[in-house]
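A.B. asks: Show me how the following folds:
(one chain, ligands or ions: 1)
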Amino acid sequence: MSIHRTHGVVLRTRKMRESSKIVILFTRDYGKISVVARGSLKPKSKFGSSLELFTRSAIIFYKKENRDLHTLSHSEILSPYKQLKRDVVKVAYASVIGEMVERLLPAEQPNRSLYNLLTETLKQIDLANRTQLEVVLSSYELKLLRLIGYGPHLASCVRCGRQVNQGAWFGLISGGLLCRACHDRDLNSVGLSNKALELLRELEAESIASVRERHSSDQYSREVSNLLNSFVRSQVGETAKIKSLDFLERIRDVSYQ
Ligand SMILES: [Zn+2]
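C.D. replies: The predicted structure follows:
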């Protein structure tokens, strides 16, 4: 057994026996790990509120070799993301973000870039108003797909390489833009408005903070959001159905009021 210190974000928890819980975290140095937090459900637990969903904490845990469940000994809040936790719509968005990390990444595979993306996205959700949440999620999805090797090809037609700036299509199977001549060679292609293509390229090039400050929800952000959600489902959905995405799509139409 060895002792380790790192930072991590709580992705999911579940009760274990009377007073303990199992916590799944995405950590800076060890990737996704599962730990037992003994006594964490007792009223005066030493863990306090550091194991609430989406909290980012500094942790110390004991790692058991050849086991996939370790023991948490200490946890201290670094980022509570209070505004996020107070808003049920923000929680729905954060659930999609957390579930994607949990389902798409294998256990205990370190990925510092992904950890940074996760914490930056939670910070931006915390800061956002409700009309900015859609572009924050789209920006995250695009960056996440890129990091895990499923990033769509947006520079030119993915089949023939021709420049596409107007009248573009997006091939969900081909994995990127298609020109007019190539679009019917992908059985699952969707037409893309020029504004949506512009936004897609901006999401790719800019930071999440920058797109959040510049964009509110409109028909183009919705078009991009629907496209990216379909793309996530077509690329990875078979093996990892993102349940919280279905829930989010049901509630988001009433969420801007
Ligand atoms: Zn083409």
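
A.B. asks: how about the residues of this structure near the ion?
C.D. replies: For the chain, the residues in contact with the ion (CB under 5 Å from the ion) are C157, R159, C160, R162, C179, C182. For the C-beta atoms, the positions are set from N, CA and C on the backbone; glycine is no exception.

A.B. asks: All the strands of the chain, residue numbers only.
C.D. replies: With DSSP state E as the definition, the chain shows strands at residue ranges 2-16, 20-27, 31-37, 56-63, 69-79, 169-171, 176-178, 189-191.

A.B. asks: Just checking: what are the partner strands of the first one?
C.D. replies: Based on DSSP bridges, the pairing partners of strand 2-16 within the sheet are strand 20-27 (antiparallel), strand 56-63 (antiparallel).

A.B. asks: picking that back up, of all the strands of the chain, which one is nearest Q109?
C.D. replies: Nearest to Q109 among the strands of the chain is strand 31-37 (4.4 Å), distances taken as CB to CB.

A.B. asks: mind checking how far that closest one is from the chain centre?
C.D. replies: Between the mean C-alpha location of strand 31-37 and the chain-wide mean there is a distance of 18 Å, by CA atoms, centre = their mean, to the nearest Å.

A.B. asks: Do me a favour and average the pLDDT over it.
C.D. replies: Per-residue pLDDT values across strand 31-37 average out to 97.

A.B. asks: circling back to that earlier point, could I get the strands of the chain as CSV with mean neighbour count?
C.D. replies: Formatted as CSV, those follow (neighbours: other CB atoms under 10 Å):
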stretch, mean neighbour count
strand 2-16, 16
strand 20-27, 21
strand 31-37, 21
strand 56-63, 20
strand 69-79, 17
strand 169-171, 25
strand 176-178, 25
strand 189-191, 16
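
A.B. asks: one step back: now render the strands paired with strand 2-16 as JSON lines, adding distance to L245.
C.D. replies: Listed next are those as JSON lines, based on distance: least, CB to CB, whole Å:
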{"stretch": "strand 20-27", "distance to L245": "18"}
{"stretch": "strand 56-63", "distance to L245": "23"}
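
A.B. asks: Any idea which of the ones you listed gets closest to K195?
C.D. replies: Taking CB to CB, strand 20-27 is the member of those nearest to K195, at 33.9 Å.

A.B. asks: Using CSV, list the CA coordinates for the closest one.
C.D. replies: What follows is the C-alpha trace of strand 20-27 in CSV, where atoms were taken according to Å, rounded to 0.1, in the frame of the first residue of the first chain:
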residue,chain,number,x,y,z
SER,A,20,-19.4,5.3,4.2
LYS,A,21,-19.4,6.1,0.5
ILE,A,22,-17.6,5.2,-2.6
VAL,A,23,-16.4,8.3,-4.5
ILE,A,24,-15.3,8.4,-8.1
LEU,A,25,-12.9,11.2,-8.8
PHE,A,26,-11.1,12.5,-11.8
THR,A,27,-7.7,13.4,-10.5
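
A.B. asks: Now do it against strand 31-37, angle only.
C.D. replies: Going by axes from the mean of the first three to the mean of the last three CA atoms, to 10 degrees, strand 20-27 is angled at 160 degrees with respect to strand 31-37.

A.B. asks: Quick check: mean pLDDT of strand 20-27?
C.D. replies: The pLDDT scores in strand 20-27 average 97.

A.B. asks: where's it relative to the chain centroid, distance-wise?
C.D. replies: Mean-position distance between strand 20-27 and its chain equals 17 Å (CA atoms, centre = their mean).

A.B. asks: Same check on stretch 30-46?
C.D. replies: 23 Å.

A.B. asks: any residues touching that stretch, and which ones?
C.D. replies: Contacts of stretch 30-46 from elsewhere in the structure, counted by CB atoms under 8 Å, 6 or more residues apart in numbering, are 4, 6, 8, 11, 15-16, 18-27, 47, 51, 59, 61, 68-72, 74-75, 101-102, 105-111.
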